[in-house]
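Student: predicted model and sequence follow; I will ask about them next.
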Amino acid sequence: MNKPVHFKDEIRQSFFSYSLIPAVIFAVAVITVTAGVWNWTLYKRADSENRKISQSLNRAVNAYKNQVAQEFPVAVSSLHYDSEAVSLVYSMQKSCILKQGISADFAVLSPSYEVLLQGSSGGVFCVPAWQDQFYWGALGRMESSPGKTIIEISSDYNTEGLPEIVIGRAILENGNVGGYLIYTISGDAARKQLHTAIPFAVADVRGVFFTGSDSRYEDQLEEIPLDYRRKTGYFFSGKEAVCRTATPDGLFAVYTFSDTEQLQQTILSIFFMIIAVLILVIRGLFLSAEKISEEKSETIDKIVDAYKEVEKGNLDRHLSVDSNIEFQTIADAYNEMLANVKRLIEENNRETQEKYIAELKQLEMQFNPHFLYNTLENIKFLIKLDPDKAQKTILCLSELLRYSINNELTVMPVDEDIHYIENYLYILKMRFGSRFEYTIDIPVSVQKYLIPKLILQPLIGNSVKYGFESCEHMEIWITARAAGGKLWITVKDNGSGIEKEHLKEIRQLLKSESNETRHIGLYNVQRRIQLMYGEMYGLKLESSKGEGTAAKIVLPCVRGDIK
Amino acid sequence: MRRSCSVYAVICTVFAVFCFCGCRADHGKRHDDNTLIIASPHPLVLIIPVIQNFENETGIDVRIVQGGTGEIIENILRYPDAAPYDLLWGGSYSSILPVSSLFETYISINEPFVQDAYKNTEGVMTRFSDIPSVIMINKKRLGPIPVTGYTDLLDPRLNGAIAFADPGKSSSSWEHLINMLYAEGGSDPEKGWNYVERFCQNLDGNLLDGSKDVYTGVAEGKFAAGLTFEEGGANYAENDRNIELVYMKEGVVFTPDGACLLKNAPHAVNAKRFIDYTSGASVQNYISKQLNRRSIRRDIYPKRMLPMKDRLPCISADYTYAASHKEQWIQHFHDIFDSTVKGRKHE
């Protein structure tokens, strides 16, 4: 699960998770809270207006309801002729109406629905001509249930056919219906007197429209449109918030409306603005996150790069950090560590170099004492037999020895070194006479390559040592060639050769790093070459019993002057 | 990438929340409370007072779905398992008869007071009112042209001035088609098609969508004469001296409409109450005293403005026959009408 990640990516990710996501959440919260508060405000206003309407309406309806329920002060029939009775009834009803917040009209009807008295501020109370022929409408219900106050919305009793709240009751005289007292509240009067600040409508509990601030609250069935009647309480319908409650007496339903279009538009525009800003911010963040994380991780990258350089072997990289103290401490420690490592490596190298030079010097000094003894013995004879040759032999030997002990020289061009090898070969020729022949074939092209001085001498010595074991006559060929950046020098003889077992032993010896045997010569050649030029170069020995030996050395092609 | 994905998820969620806030669905089913759903082709002037009085009388909350008879029946047929309404109130006898299997048998408590001709013999349709087909004329538009019956409608001066609705869509037009066929064909309605052809010629390609278009069209003076039902015309004739009703001298067919309880009605009890209420004396009196309808009750007479039935040239139609030929006849009518339209195009 925990995949290794780059420090830079981690910084970028945390940038997103700690800045962008909280920003989005914050934006959402702002929108939600705004919508919530707004909605709450709408609700509070709609609710309080609703209560106001509900209470005023209920108070008025209750007052008129109580008024109709009171005993009628005079006989209804006396209204035909008794003006005192008329004025008593009139003033009684009017005083009741004037006390109310919502005014009403009243009418007193005879049992046959004749209007005996009415107090009206505008419209006229009119009864359909057929009213006495059959039970119909509010009056019909008053007639059919005389002990009961009828309160309903009806548009039967005015000339315009407008809805009114009809509150009425049969007046009982001696157990019979003596007439009717009816109050009507017109929708118009109610709308004006309710003083409502927001759109509203009033209907009965089954939706029959009474009054409202706008004609859209009444449908063609003269009811509140069904959409507004689906629920009670506070709810949304289309672009309006509706608050629907019943009046305390449960007869009417009061609707208040708040326009939510503006709210929805505002919320939507805020929402889209935030989306737009977010898109910009996200784009910006992608760019800046990259840049910032790059900046922040620059020091880390520097340190990582420095360590990678060390891994590759480059110890010269100095780390300079100019940011936090923490990183500076790391950098200082790194620099100090690197300095220490470098110093240690240098010390180590110097020691190795010294050791190596000492070893080389020691190896160069490996002239066989037998050779000196034999040469001197030879010279002893030559002085008597041929003083000139003796002189020349001594000259050769002394040149050779001087060359050999010159510590300042380690490498020589092939042609110069061969000159000293020829001295050596001359000495051997003096010793063995016609039994020993040699050929040197060095092409001009390789003559200026540098080789370790007298590197061929031990090989020749080796041939002489083993070649004459079972042979009377022996020839040596010294050849050289250069190919592929390597210089090959071969010393080949046609002597007795080396036995298989012995050859294997010598080859084994050449591979090892120290020599405990008596084959000092060959081992030293191998050791000198490898110390000087590395493991890629060295000595190869090929031989078989009775067919001679070939010793091949491989060196790099190096040209140059000797200092 | 994972982070930015979650960011977009948050954005999408917010967006979705807003979308859903905008459209809070209301699926308020109110089958269990004290309501009643009535489908009716009746005019509002009849529907509103009757429904309001029924509501005040019973406390039942009525929901009205207004529409043409054909439309309502189609809707009932579309939902064979769950009745969309409780009651079909309105729709002529001849349009109910072919689909009587959709309705439940119910005999109202007022059946003894119903005229013998309008007894609920089938059991599914309690008669509500008695409706004659009439020709409604606009005298101002008509001028000196006399209109006394179907024959006068063939007058070439009336070409294009006659309002008639598609009998496939309007039940009052369907009644007129039956009336025409029986009035012109005598006892054999098939003989009446000759008249229908000539009548269609005179329509001049005008076929209206509903009965309402006919009486409003004549009232507004768009047409000089319209074939409609009595009440549709009488409501205008009552208040406008230019409008008059003509009872066809060739013969007038009276068709009852009624109230039918749907099978599996969700509020069957309330629906039965409504059927009893509308066939009761109050409503029957109201429709004949206040509105321009004829009661089906024996004890109630029409308004003075409307002529008594026994003074009109009443003819009877065989409704069983007509109902069983409804599709065929309407198709035949359309063919005739279409041929007059095509014929005119070729000219």
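Tutor: Yes, it's here.
Student: spatially nearest residue to A:S144, not counting backbone neighbours?
Tutor: Leaving out its chain neighbours, the residue that sits closest to A:S144 by C-beta to C-beta, 6 or more residues apart in numbering or on different chains is A:Y135, at 5.5 Å. For every residue, glycine as well, the C-beta is placed using N, CA and C.
Student: quick one, phi psi at that neighbour?
Tutor: Backbone torsions for A:Y135, taken as degrees, to the nearest 10, come to phi -70, psi 120.
Student: now for it, how many residues are close by?
Tutor: If you count neighbours by other C-beta atoms under 10 Å in any protein chain shown, A:Y135 ends up with 18.
Student: ok, it - contacts?
Tutor: With contact set as C-beta atoms under 8 Å, 6 or more residues apart in numbering or on different chains, A:Y135 has these partners: A:141, A:143-144, B:281-282.
Student: would you show me how to pick out the buried ones of those in PyMOL?
Tutor: Filtering those down to the buried ones (16 or more other C-beta atoms under 10 Å in any protein chain shown) takes a single PyMOL command:
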select buried, (chain A and resi 141+143) or (chain B and resi 281+282)
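Student: and stretch A:59-77, what's buried?
Tutor: Residues of stretch A:59-77 classed as buried under the neighbour-count rule (16+ other C-beta under 10 Å) are A:60-65, A:67-68, A:72, A:74, A:76.
Student: likewise for stretch A:170-179?
Tutor: Buried positions in stretch A:170-179, judged by neighbour count with 16+ other C-beta under 10 Å: A:170-171, A:178-179.
Student: can you list the neighbours in contact with that stretch?
Tutor: With C-beta under 8 Å, 6+ apart as the contact definition, stretch A:170-179 has outside contacts at A:72, A:75-77, A:108-111, A:116, A:142-143, A:146-147, A:180-181.
Student: how long is that stretch end to end?
Tutor: For stretch A:170-179, the first-to-last residue distance is 6 Å (C-alpha to C-alpha, to the nearest Å).
Student: and the chain, what are its domains?
Tutor: With no chain named, the answer covers chain A. Under the assignment automatic domain parsing, the domains of chain A span A:70-190, A:299-361, A:365-556.
Student: try again with chain B
Tutor: Following automatic domain parsing, one gets these domains for chain B: B:35-130+B:256-306, B:132-253+B:314-346.
Student: so which of those comes closest to chain A?
Tutor: Proximity to chain A (C-beta to the nearest C-beta) singles out domain B:35-130+B:256-306 among those, at 3.8 Å.
Student: does any bit of the closest one sit next to chain A?
Tutor: Yes: applying C-beta under 8 Å from any C-beta of the partner chain, one finds domain B:35-130+B:256-306 in contact with chain A at B:44, B:47-49, B:51-53, B:55-57, B:61-64, B:66, B:281-282, B:285-286, B:289-290.
Student: what about burial for these, which qualify?
Tutor: By the neighbour-count criterion of 16+ other C-beta under 10 Å, the residues of domain B:35-130+B:256-306 next to chain A include these buried positions: B:47-49, B:51-53, B:55-57, B:61-64, B:66, B:281-282, B:285-286, B:289-290.
Student: take those and keep only those in strands.
Tutor: B:61-64, B:66 (DSSP state E).
Student: now those residues as TSV including pLDDT?
Tutor: As requested, those are arranged in TSV below (pLDDT from 0 to 100):
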residue	pLDDT
B:D61	92
B:V62	94
B:R63	93
B:I64	93
B:Q66	89
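Student: show me where pLDDT drops low in the stretch 201-347 of chain B?
Tutor: When residues are selected by pLDDT under 70, those of the stretch 201-347 of chain B lie in B:343-347.
Student: repeat the analysis, applying 50 as the threshold.
Tutor: Applying pLDDT under 50 to the stretch 201-347 of chain B picks out residues B:347.
Student: what are the ranges of the helices in it?
Tutor: Taking DSSP state H, counting those that start in this stretch, the helices of the stretch 201-347 of chain B run over residues B:211-219, B:230-237, B:268-278, B:281-289, B:319-324, B:326-346.
Student: check which residues of the longest one are buried.
Tutor: By neighbour count, and taking 16+ other C-beta under 10 Å as the criterion, the buried residues in helix B:326-346 are B:326, B:329-330, B:333, B:336-337, B:340.
Student: thinking again about what came up before, so which of the ones in strands among the buried ones among the residues of domain B:35-130+B:256-306 next to chain A comes closest to A:C471?
Tutor: The shortest distance between A:C471 and any of those, using C-beta to C-beta, involves B:R63 and amounts to 137.4 Å.
Student: now the closest one: how far from B:I51?
Tutor: In this structure, B:R63 and B:I51 are 9 Å apart, going by C-beta to C-beta, to the nearest Å.
Student: give me the common contacts of those two.
Tutor: Contact with both B:R63 and B:I51 is made by residues B:I38, according to C-beta under 8 Å, 6+ apart.
Student: could you confirm A:I357 falls within a helix?
Tutor: Yes: assignment of A:I357 by DSSP: H, G, I helix; E, B strand; the rest coil places it within a helix.
Student: quick one, grab the pLDDT at it.
Tutor: Predicted confidence (pLDDT) at A:I357: the value is 78.
Student: tally up the residues packed near it, please.
Tutor: The criterion is other C-beta under 10 Å. On that basis, A:I357 has 13 neighbouring residues.
Student: cool, A:L363 as well?
Tutor: 17.
Student: against which helices or strands is the helix or strand where it lies packed?
Tutor: Element membership for A:L363 (DSSP states H and E) is helix A:325-364. Contact analysis of helix A:325-364 by 3 or more C-beta pairs under 8 Å, 6 or more residues apart in numbering or on different chains; DSSP states H and E lists helix A:298-312, helix A:520-533 as its packing neighbours.
Student: between the ones you listed, which one is nearest to chain B?
Tutor: With C-beta to the nearest C-beta, the closest approach to chain B among the helices and strands packed on helix A:325-364 belongs to helix A:298-312: 21.3 Å.
Student: for that closest one, list the C-alpha coordinates in PDB.
Tutor: Coordinates of the C-alpha atoms in helix A:298-312 are reproduced here as PDB (Å, rounded to 0.1, in the frame of the first residue of the first chain):
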ATOM      1  CA  GLU A 298      15.000  22.000  -4.100                       C
ATOM      2  CA  THR A 299      17.300  21.600  -1.100                       C
ATOM      3  CA  ILE A 300      16.300  18.000  -0.600                       C
ATOM      4  CA  ASP A 301      17.000  17.300  -4.300                       C
ATOM      5  CA  LYS A 302      20.400  19.000  -4.000                       C
ATOM      6  CA  ILE A 303      21.200  16.700  -1.000                       C
ATOM      7  CA  VAL A 304      19.900  13.700  -2.900                       C
ATOM      8  CA  ASP A 305      21.900  14.600  -6.000                       C
ATOM      9  CA  ALA A 306      25.100  15.100  -3.900                       C
ATOM     10  CA  TYR A 307      24.600  11.600  -2.400                       C
ATOM     11  CA  LYS A 308      24.100  10.100  -5.800                       C
ATOM     12  CA  GLU A 309      27.300  11.700  -7.000                       C
ATOM     13  CA  VAL A 310      29.100  10.100  -4.000                       C
ATOM     14  CA  GLU A 311      27.500   6.800  -5.000                       C
ATOM     15  CA  LYS A 312      29.000   7.200  -8.500                       C
END
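Student: which residues are in contact with the host helix or strand of A:E84?
Tutor: Using DSSP H and E, A:E84 maps to helix A:83-99. Around helix A:83-99, the neighbours that count as contacts under C-beta under 8 Å, 6+ apart are A:63-64, A:67, A:72-75, A:78-79, A:103-104, A:106, A:108, A:117, A:119, A:181, A:183.
Student: show me what contacts A:N50?
Tutor: Going by C-beta under 8 Å, 6+ apart, the list of residues near A:N50 reads A:200, A:243, A:245, A:254-256.
Student: if you rank these by neighbours, which is first?
Tutor: For the contacts of A:N50, neighbours were counted by other C-beta under 10 Å; the highest total belongs to A:T256, with 29 neighbours.
Student: wait, doesn't that residue sit right on A:F200?
Tutor: Yes: taking contacts as C-beta atoms under 8 Å, A:T256 lies within contact range of A:F200: 4.8 Å.
Student: intersection of neighbour lists for those two?
Tutor: Common contacts of A:T256 and A:F200 (C-beta under 8 Å, 6+ apart): A:49-50, A:53.
Student: much appreciated, bye for now.
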